[in-house]
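Q: what's the 3D shape of this:
(one chain, ligands or ions: 1)
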Amino acid sequence: MHVALVLGTRPEATKLAPVILALREQAGVEATVISTGQHRELLPQTLAVFGLRADVDLAVMAARQTLTQITTRVLDGCARVFAELRPDVVLVHGDTTTTLAGALAAFYAGLPVGHVEAGLRTGDRWSPFPEEMNRLLADRLATVHFAPTALAAANLRREGVAAASVFVTGNTGIDAVRMVAGPRRRRPAGSTRLVLVEAHRHENLGEPMARIAQGVVALVRARGDVEVEWSLHPNPAVQQPVRRVAGGEDRISLIDPPAFDVWARRMAEADVLLTDSGGMQEESTAIGLPVLVLRGETERPEVIASGAGRLVGTESARIASETARLLDDPAAYARMAEAGCAVGDGQAARRTVEALLYHMGHAAQAPEAFASAVVD
Ligand code: UD1
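A: Numbering: from 1, shown residues only. The predicted model follows:
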C-alpha cells in the first residue's frame, strides 16, 4: 500500500509525524511525504524534530500569501505529483488550506482520501476562518475519517457521514507531545512564574492581536513575579502589532518560534499558557499546563469540559485578570493542572494506521476506539 501524506504547516507536521513513523514501521507500506511548503520555515523545522523530511516539496509559500494563491498552487502541484506517484490513498490532516486543497486534488485524481483529525467543529462557518469550512469540506471529500474523540465522530454522523468510515483514534498531537516533552517540571515556589504566549489565528490578526499584547503588558506591569515568553509566528500580521505593543517591555521576551521539542519542554516547565492555537490547547492538557484560550469559542470543547482549559477571549483586562487569578489561586490552578487529557492517550497514530489498513482491506480487524472521559 502506497500512502501519500500531504502537509504544509507546522501543526500538520507535528500531528502527522507520529502517523508517518507508524506507517514506516509496517511491512508492505510505503509512505511518501508531500510538503506543499505553505510554511517555508516552520514545516521543515518541525519535521526535523522527528527525524523526517519531505520527499517532495511543492514550495508554494510567498510572503503575505492569500488563501486563493495557496489553494490554486497546492491543487496544481498535487495534481502533478499524484499523476506521477500514483498512490493508493492520500492522507491529509486538520483544517488548513493545504488540507482542503490536498483532499480536493486527491478527489480530482480519483483517489481515496483519509482525513486525520476529522469531525472538529465550532458550528460557525466564519470562525475560525477559514479553518471551519476547510475541515467541513475535507470531511465531505474524505472516504475514511480518523476522528480524535467520540464527540468529533458524533459531529460527523450528524452530518450524514457513514458510521463505517469513522474511527475514533485519539488525537495524534498527544502522541507527538509525549514523544518529546519529558516530565512536568514546575519551578520551586518563590521563583518567577513563567507565562507562555502564542497567537496567530486569522480572526485575531490586527486589533485583537494588539489587545492580547496589551493584556500581557498589563499583566507584567501589575506583577513583578511574572516572566513572559512569546513565540512569535513569522506572519508579519502577527509580528507588527505584537512588536508595537509589547516590544522592549521588561520581562516579555519575543522569541522566534522554537522547534516543537524545545517548545514542548518549555511548556513542561511553565505555569500558564495563553494561546489561540488548537494544537497547543491539546498539548497543554497532556502536559498538565493550564491553558487560557484567546478565543470566543473552540472546536475542542473536551479541553474546556474536562476543566483543563478556559475560554478567555481577547479583551486585555480579562486576559490580565484571569492569568493573575490562576497564579494566585492554588486550588483553581490544581483543578486545571490535574484535569487530565481528554483528547488522546498517546496511541492515536497506531489506531490511525490500523484503521487505515482495515479500511483499505489489508487488515481483518479495526482498532479499539479511543475512550475519553469527556463524552459530551
Ligand atoms: C496556517 C493555517 C492555520 C494554522 C497555522 C499554524 C490556513 C488557512 N491557516 O495559518 O490553520 O493554525 O498555519 O501556523 O491554512 N510565514 C513565513 N514562514 C513560515 C510560515 C509562515 O514567513 O514558515 C509567514 C508568511 O508571510 C505567510 C504568513 O506567515 O504569508 C501566513 O502563513 P499562512 O500559512 O498563510 O497562515 P498561518 O497564519 O500560518
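
Q: And the nearest residue to F50 once chain neighbours are set aside, how close does it get to the ligand?
A: Among residues not flanking F50 along the chain, A17 sits closest, at 3.9 Å (C-beta to C-beta, 6 or more residues apart in numbering). C-beta coordinates here come from the backbone N, C-alpha and C atoms, glycine included. For A17, the distance to the ligand (C-beta to the nearest ligand atom, to the nearest Å) stands at 15 Å.

Q: A17 contacts V177, correct?
A: No: checked against C-beta atoms under 8 Å, the pair A17 and V177 is beyond contact range at 10.9 Å.

Q: Mind listing the shared neighbours of the two?
A: Taking C-beta atoms under 8 Å, 6 or more residues apart in numbering as the contact rule, A17 and V177 touch no residue in common.

Q: what mean pLDDT does stretch 31-46 have?
A: Taken as a whole, stretch 31-46 has a mean pLDDT of 96.

Q: Run the contact check for that stretch versus the ligand.
A: Yes: residues of stretch 31-46 contacting the ligand under C-beta under 6 Å from any ligand atom: Q38, H39, R40, E41, L42.

Q: wait, what's in contact with the residue lying closest to the second one once chain neighbours are set aside?
A: It stands for H39. Of all residues beyond its chain neighbours, the one nearest H39 is T9 (4.7 Å), with distances taken as C-beta to C-beta, 6+ apart. Residues counted as contacts of T9 (C-beta under 8 Å, 6+ apart) are Q38, H39, L42, L43, T96, T98.

Q: what's the answer for R266, then?
A: When contacts are taken as C-beta under 8 Å, 6+ apart, R266 is in contact with L194, L196, E229, P258.

Q: can you check A324 too?
A: Counting by C-beta under 8 Å, 6+ apart, the residues that A324 touches are L219, A222, R223.

Q: Report the secondary structure state of the first one.
A: Right, L219. Following DSSP: H, G, I helix; E, B strand; the rest coil, we place L219 in the helix state.

Q: And the pLDDT at it?
A: Among the per-residue scores, L219 holds a pLDDT of 98.

Q: Over to the second one?
A: Reading off the per-residue confidence, A222 sits at a pLDDT of 97.

Q: contacting residues for it?
A: Counting by C-beta under 8 Å, 6+ apart, A222 makes contact with A320, A324.

Q: for the one 10 residues further on, same thing?
A: Residues counted as contacts of L232 (C-beta under 8 Å, 6+ apart) are V238, Q239, V242, R243, L254, I255, D256, P257.

Q: Tell me the pLDDT of the first one.
A: Spelled out, that is V238. Predicted confidence (pLDDT) for V238: 97.

Q: Any regions of the protein where pLDDT drops low?
A: Confidence mapping of the chain against pLDDT under 70 gives the ranges 375-376.

Q: Nearest the geometric middle of it, what residue?
A: Centrality entry for the chain: nearest residue to the mean C-alpha point is G279, 2.8 Å, by C-alpha atoms, centre = their mean.

Q: which parts of this structure sit against the ligand?
A: Of all the residues in the chain, those in contact range of the ligand (C-beta under 6 Å from any ligand atom) are 9-11, 38-42, 63-65, 67, 95-97, 130-131, 200, 234-236.

Q: Provide a PyMOL selection command restricted to the buried entries of the residues you listed.
A: PyMOL command restricting the residues of the chain next to the ligand to the buried ones, with burial defined by 16 or more other C-beta atoms under 10 Å:
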select buried, resi 9+10+11+38+39+40+42+95+96+97+130+131+200+235
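
Q: Looking at the residues of the chain next to the ligand, which are in helices?
A: The helices in this structure, assigned by DSSP state H, contain R10, P11, L42, L67, T97, E131, P236 from the residues of the chain next to the ligand.

Q: can you map out the strands along this protein?
A: Per DSSP state E, the chain carries strands over the ranges 2-7, 30-35, 56-57, 89-93, 113-116, 144-147, 166-168, 193-198, 226-231, 252-255, 272-275, 291-293, 309-311.
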